[in-house]
Structures are given as C-alpha cells and as structure tokens.
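Student: Generate coordinates for the sequence data below:
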Amino acid sequence: MSLTPFDHPWLSGLLGDDEVAAQFSAEADHEEMVYFEEALAAAEGAEGVIPAEAAEYIADHIGGFGADFEALAKACARDGVVVPEFVRQLREFMGPHGPYVHVGATSQDVVDTSLILRLRPVTGVFRERLPALDAALATLDTRFGANTLMGRTRMQDALPIRVADKVATWRGPLGRDLLRLDELLPRLLVLQFGGAVGTLDKLGDKGRAVAARMAEALGLGLPERSWHSQRDNLAEFAAWLALVTGSLGKLGADVALLAQMGEIALSGAGASSAMPHKQNPVAAEVLVALARHNAALVGSMHQALVHEQERSGAAWTLEWLTLPQMVAATAASLRTALSLVASIAGLGHA
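Tutor: Below you'll find the model as predicted:
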C-alpha cells in the first residue's frame, strides 16, 4: 500500500522517479546520518575534543553499524525525531567508546545535514536533465522550426507564428533555471552543525574548527553560523522547484491544446479503454498537474520559514511533509518533459 502516487505500485510509473526517490529512502537517510557521525568523531578527534583512540575506533567500526529500523520508528513516534534512538543504538554499538559519539551535536544537525547530503545528488540529476531537455527542444526546432502555427491569445486565433517562436518560449526558462540553480547551490549545500541552540556551546573554542573539518570531510560548504532556525535556503530551493515545474507545465498546456487542434502529432500517446481511436496527451497533462501540485506546495515551504525561537518542531515537520514531494514532482516533470518532446512526430504546417 502507498500513501502517495510518487511511490505507488503503478501510479509511480506515471508520476514517480526512481533515481530521485532513492535519496528519500530510509536506507539513504540512515547512510548519511552515519556519515555525519563519522565526520563528527573524526573532526573532534583531530581537534582534541574526544580522545584520538576513540575517534580512530569509531572510524574503523562505524561502517558495520546498522540501526534497528523498527525501533527507530517506535522511538520517532515518541520523540518526534529519529536521532535520539539512532544515537543510542550507535553508542551501544561502539561499546566503551560510545560516550564519544555525537558529542556537542543535536538531532537537527544530523537530520538537516543528512537532507543536504541527499539533495546534492538530486541537484546533480536536475543539472543533467535541464540541458538534456533544452537539447531535445533544440532538435525539435531544427526539424520543425520553419513550419507555421496559428498564434493564439486569450484562447482565440491571433496571427500566424513559426514553430520556432513556440519552441523558444519553452526553451527560454530552462537556461535561466540552470543559472538560478548554480547560483543557489552554494547557499543550499552547506553543513548544519550548531549543537543544542545553534552556538556549539559544548565545544567551547573548538566549535568552529570542528565544523570546518566536518564540512571539508562531507564536501559541503561551511556557513558563517548554524542555520537551524534560518530556513531560507530550503525555501529558496523549493521556490526553484516550483519555477521549473511551472515552466514545464506551460509546455504541457501548450502541447495539450495543440493536440486538441490537430496541430501536433504525438507518437505513443495514451490509449483509451472505451475509445480506441483516441491518442490522449497524457505526458502533457502530467506536466500541468505537477506544475499545479508544486505551486500549491511552495506555500507550505514558505510557512515553514516561521521557526519559533531556536527550534520549531512544527515548522520542521512541515518541511518533511512538503519538500520530498516537491523534489519528486520536479524530477518526474523533467523526466516526463524529455519523453514528451521525444514523442513529437509532427508540429505545425510546412
């Protein structure tokens, strides 16, 4: 059974994306939480916060740790976050060196850094698919660009245009979206490490040095200070996701209307159970639906900017409910758009 179409047994074939979904699995989250604790222990050992032999032992043995997921689920229902039970199990696994695990860190450090580490390959997928889609549209322009279409304003016939004019409106946002992504990545892909209230107070004057070592080990940027209650990096990314799906939704809406008017030919379009003569523009419709889905959810991510005081359980939970769906929708939208463009067998009139 599934609660969302993104991982539903058959709806996921329409709306899901396996490559991106893997980064939101419990296994991927567990792996990055372990990675965080490994980097923390190594950094604290190097800075003399914990004994060097403890750091070495943790580094040598942490790869063999596997948490009890059933126990994590039960504890998360009680604690509101998985990390206390995760750390308890990890400390038990480390035996006499257990007390040196998670020193000076807090749950939010682990959860947020795990998220950022998993968003990194996700953004890599987006950086590959956006240029691929632009290239596919360029090929479409080469094949059909000189053909004519009726331009329409306010759903009414206006003046003739070229297919090249239509394709240009689809391609334009893609390059800008890629530039926006490159600009925001340095703000997004950064370490979260602040301790109980964001001040690393338990590490004294070693806090900044430990954070710097961790950031280097994890391949993340080092922010000026903890961002645990400053969520604009995630809200900015969510807004970018909505921009991408919105632009692809415009492409989908145009294709669906062109199909209605008989001005575009699609190969392999959707079949009807009752009307075998129909070729439904399924992919185009999916792009419209995903655009509207993300447009609705981006407001939730803006609501999650309101983190009360030094930590908000409610706003944090709202992010967990919202951001994975937006990422999945964007990945599916790019995948679907690539498939849709590839299926266009004719466009306009020579």
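
Student: C-alpha only now, for contacts and for neighbours.
Tutor: Will do.

Student: Now do the helices in the stretch 151-300 of the chain.
Tutor: Using DSSP state H, counting those that start in this stretch, the helices of the stretch 151-300 of the chain run over 163-188, 207-218, 232-260, 282-303.

Student: So for Asp134, which of those helices sits nearest?
Tutor: helix 163-188 (5.9 Å; CA to CA).

Student: angle of the closest one against helix 232-260?
Tutor: Interaxial angle, helix 163-188 versus helix 232-260 (axes from the mean of the first three to the mean of the last three CA atoms, to 10 degrees): 160 degrees.

Student: And helix 163-188, what does it pack against?
Tutor: helix 107-144, helix 232-260 (3 or more CA pairs under 8 Å, 6 or more residues apart in numbering; DSSP states H and E).

Student: who does the first one touch, helix- and strand-wise?
Tutor: Packed against helix 107-144, as judged by 3+ CA pairs under 8 Å, 6+ apart, are the following elements: helix 26-46, helix 83-93, helix 163-188, helix 313-342.

Student: Let me have these in a markdown table, adding distance to Gly63 and mean pLDDT as columns.
Tutor: Formatted as a markdown table, these follow (distance: least, CA to CA, whole Å; pLDDT from 0 to 100):
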| stretch | distance to Gly63 | mean pLDDT |
| --- | --- | --- |
| helix 26-46 | 8 | 97 |
| helix 83-93 | 11 | 97 |
| helix 163-188 | 27 | 97 |
| helix 313-342 | 27 | 94 |
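
Student: Please render those as a markdown table that adds mean neighbour count to the earlier fields.
Tutor: Shown next, in a markdown table, are these (neighbours: other CA atoms under 10 Å):
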| stretch | mean neighbour count |
| --- | --- |
| helix 26-46 | 21 |
| helix 83-93 | 18 |
| helix 163-188 | 16 |
| helix 313-342 | 21 |
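
Student: Please list all residues in contact with the nearest residue in space to Leu130 that is not next to it in sequence.
Tutor: Leaving out its chain neighbours, the residue that sits closest to Leu130 by CA to CA, 6 or more residues apart in numbering is Leu174, at 6.3 Å. Contacts for Leu174 (CA atoms under 8 Å, 6 or more residues apart in numbering) come out as 130-131, 134, 244, 247.

Student: Pipe the helices and strands packed on helix 163-188 into a markdown table and attach mean neighbour count and distance to His30 per row.
Tutor: A markdown table is the format used below for the helices and strands packed on helix 163-188 (neighbours: other CA atoms under 10 Å; distance: least, CA to CA, whole Å):
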| stretch | mean neighbour count | distance to His30 |
| --- | --- | --- |
| helix 107-144 | 18 | 8 |
| helix 232-260 | 21 | 21 |
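
Student: want to try TSV for those helices, with mean pLDDT and distance to Gln309 as columns?
Tutor: Output for those, formatted as TSV (pLDDT from 0 to 100; distance: least, CA to CA, whole Å):
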stretch	mean pLDDT	distance to Gln309
helix 107-144	97	14
helix 232-260	96	15
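
Student: Could you report the separation of the residue nearest to Leu130 from Gln23?
Tutor: 24 Å (CA to CA, to the nearest Å).
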